[in-house]
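Predicted model follows, preceded by the sequence.
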Amino acid sequence: MAVKVYVVYYSMYGHVEKLAQEIKKGAASVEGVEVKIWQVPETLPEEVLGKMGAPPKTDAPIITADELATADGFVFGFPTRFGMMPAQFKAFLDSTGGLWRTQQLAGKPAGIFYSTGSQGGGQETTALTAITQLVHHGMIFVPIGYTFGAGMFEMENVKGGSPYGAGTYAGDGSRQPSQLELDQAFHQGKYLASITKKLKNEQAA
């Protein structure tokens, strides 16, 4: 039976979406893992998004709360809003009360990735404050730690991400994820998928 990993994200300007695609590739590189990428519902009207200069959404399917229960592991991604996840992702998690009551997500591993506008813009606080959502569901937070190796210590070039998970800097919106940031996202997907597979196999033993 295939191990199912869901990459669930919100992206307004495309930076998180790019990381999500690399995380999907990384997870899919683990034998026996089936990966699906999802978006959470948008809460802002099209008129407002247009005024904010947001590009059209990708064709990734929109996830519902109940669909979370069908996965074995997750990687959740979002941009920061004042050092925390944006309202769109929080609204989606607020809709998971039914899963919380039945503890259908308990014991399932989950990672977090993110995008911020600047180096002091919440690379770690965005992930740290999101962990509370996992805790109430009884999920297992899986940080990447320093498993990415030398890439974690890059000092010559701007690089997002932290031991909490993969990340990027959007700047004024024109900066796109660097190759090193994309490589880190790939690593996170592979790492999370490997742990999810191990846990599921142990539970089935």
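The structure has been received and is ready for your questions. Residues are numbered from 1 along each chain as shown.

Report all helices and strands that the helix ranked longest in the chain contacts.
Looking across the chain with DSSP state H, the single longest helix is helix 179-204. Here helix 179-204 touches strand 3-9, helix 15-28, strand 33-39, strand 73-79, strand 109-116, strand 167-169, going by 3 or more CB pairs under 8 Å, 6 or more residues apart in numbering; DSSP states H and E. Every C-beta, even on glycine, is put in place using the N, C-alpha and C of the backbone.

what's the closest of these to residue 142?
strand 109-116 (4.7 Å; CB to CB).

Show me what that closest one is packed against.
Using 3+ CB pairs under 8 Å, 6+ apart: strand 109-116 touches helix 15-28, strand 73-79, helix 125-137, strand 140-141, strand 167-169, helix 179-204.

rewinding a little: in the longest helix of the chain, which residues are buried?
Within helix 179-204, the residues that count as buried by 16 or more other CB atoms under 10 Å are 180-197, 199-200.

so where's the chain uncertain?
For the chain, no stretch has pLDDT under 70.

still on that earlier bit, need the helices and strands packed on strand 109-116 in CSV with distance to residue 109, can you?
What follows is these, written out as CSV (distance: least, CB to CB, whole Å):
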stretch, distance to residue 109
helix 15-28, 12
strand 73-79, 5
helix 125-137, 9
strand 140-141, 5
strand 167-169, 19
helix 179-204, 5
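
Quick one, which of these gets closest to residue 1.
helix 179-204 (7.9 Å).

could you give the angle of that closest one to helix 15-28?
Angle of helix 179-204 versus helix 15-28, following axes from the mean of the first three to the mean of the last three CA atoms, to 10 degrees, is 50 degrees.

So which residues make contact with stretch 31-39?
Identification of contacts with stretch 31-39 by CB atoms under 8 Å, 6 or more residues apart in numbering yields 2-11, 20-21, 24, 27-28, 57-58, 60-63, 67, 71, 189, 193, 196-197.

Can I have the buried ones of those residues as a ChimeraX selection?
Restricted to buried positions by 16+ other CB under 10 Å, the ChimeraX selection for the contacts of stretch 31-39 reads:
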select :3,4,5,6,7,8,9,10,11,20,21,24,27,28,60,63,71,189,193,196,197
